[in-house]
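Q: Task: produce atomic coordinates for the following.
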Amino acid sequence: MRAIVRSAVLLAAAAAAFADPHDDVIEVFTSMANALTTTNPGEFMKAVDADMPGYDRLKTDVTALVNQADIASSIEPLQDSGDASKWTIDLDWLLEVRSLVQDGPVVHRRQIVHCELEKKKGRWKIVSMKPLELFAPPPPE
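A: Below you'll find the model as predicted:
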């Protein structure tokens, strides 16, 4: 029985070693888009390296955005490249920002977002993301 368990563990480790970085990176952004939709700024920020320039502002903006509006978020990768430790990707990111105020405005935002990621402690982390203004809260009504 130990041999079977050991074999299963080795197979799982081998599968993880050969995981496709492209798919892993896409999953990072899919989770981020979902976090905006489900009003979970903490989950959105999990993918962002705390040392990224603009981190604090992004955290503040995303938190305000999800607290002030209902968000629909979608991404489409345009181009990406990298290796097992670094990745760059351009995303066509679309946000529908629906005011929580009754009959309030619905704003559509769409931008190409350029991101650079690095593998840190076995996880992909965003070390650069531009422009951050896409995630700013709506102006006061």
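
Q: just the strands in the protein please.
A: Per DSSP state E, the chain carries strands over the ranges 69-82, 86-99, 106-120, 123-130.

Q: could the ones you listed be laid out in CSV, adding mean neighbour count, mean pLDDT and distance to M32?
A: In short, each C-beta sits where N, CA and C put it, glycine included. Shown next, in CSV, are the strands of the chain (neighbours: other Cβ atoms under 10 Å; pLDDT from 0 to 100; distance: least, Cβ to Cβ, whole Å):
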stretch, mean neighbour count, mean pLDDT, distance to M32
strand 69-82, 15, 95, 8
strand 86-99, 18, 96, 9
strand 106-120, 16, 97, 10
strand 123-130, 18, 97, 9
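
Q: Mind putting those into CSV with distance to L36?
A: Shown next, in CSV, are the strands of the chain (distance: least, Cβ to Cβ, whole Å):
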stretch, distance to L36
strand 69-82, 4
strand 86-99, 7
strand 106-120, 11
strand 123-130, 14
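
Q: closest to P53 out of those strands?
A: strand 123-130 (7.2 Å; Cβ to Cβ).

Q: for that closest one, packing partners?
A: helix 21-37, strand 106-120 (3 or more Cβ pairs under 8 Å, 6 or more residues apart in numbering; DSSP states H and E).

Q: Now distance to D49 too, for these, in TSV please.
A: TSV is the format used below for those (distance: least, Cβ to Cβ, whole Å):
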stretch	distance to D49
helix 21-37	12
strand 106-120	7
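
Q: Neighbours of P105, how many?
A: By the criterion of other Cβ atoms under 10 Å, P105 has 12 neighbours.

Q: Show me the one of the helices and strands packed on strand 123-130 that comes nearest S99.
A: Closest to S99 of the helices and strands packed on strand 123-130, according to Cβ to Cβ: strand 106-120, at 7.1 Å.
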